[in-house]
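A.B. asks: give the three-dimensional model of this entry:
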Amino acid sequence: MYPLGLMDRQTTFLLALGMLVAAALAVGVSGWVLVARDRAFARLGRVSPGVGENPHHHEGLEGT
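C.D. replies: Have a look, this model is predicted:
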């Protein structure tokens with residue numbers, strides 16, 4: 001099943017812990033990239049893409 005045979009309990013735990021750390025780092029880095037991008041757009045006085053009005057998608061607002 002595994003290339004090196006069956007894994008013991010400690011190896012399985014360490015592998016799962018390593019994968020959890022890798023996932024947390026990926027989410028953290030992507031979050032900081034989004035924050036930096038939004039701050040750069042704010043500094044330029046623009047609205048970041050995906051926020052605000054989209055000419056191809058018109059939503060109806062209640063009360064209008």
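A.B. asks: tally of neighbours for residue 12?
C.D. replies: Residue 12 sits with 11 neighbouring residues when counted by other Cβ atoms under 10 Å. Backbone N, C-alpha and C define where each C-beta goes, glycine included.
A.B. asks: surely it forms part of a helix?
C.D. replies: Yes. Applying DSSP: H, G, I helix; E, B strand; the rest coil, one finds residue 12 inside a helix.
A.B. asks: residue ranges with poor pLDDT in this protein?
C.D. replies: Within the chain, the set of residues satisfying pLDDT under 70 comprises 1-4, 46-64.
A.B. asks: which stretches in it count as helices?
C.D. replies: Ranges of helices in the chain, per DSSP state H, are 9-44.
A.B. asks: surely residue 7 and residue 15 touch.
C.D. replies: Yes. Counting by Cβ atoms under 8 Å, residue 7 touches residue 15, with 7.3 Å between them.
A.B. asks: and for the two, which residues touch both?
C.D. replies: Counting by Cβ atoms under 8 Å, 6 or more residues apart in numbering, residue 7 and residue 15 have no shared contacts at all.
A.B. asks: quick check: residue 37 vs residue 16, distance?
C.D. replies: Distance, residue 37 to residue 16, by Cβ to Cβ, to the nearest Å: 32 Å.
A.B. asks: ditto for residue 32
C.D. replies: Distance of residue 32 to residue 16, given as Cβ to Cβ: 25 Å.
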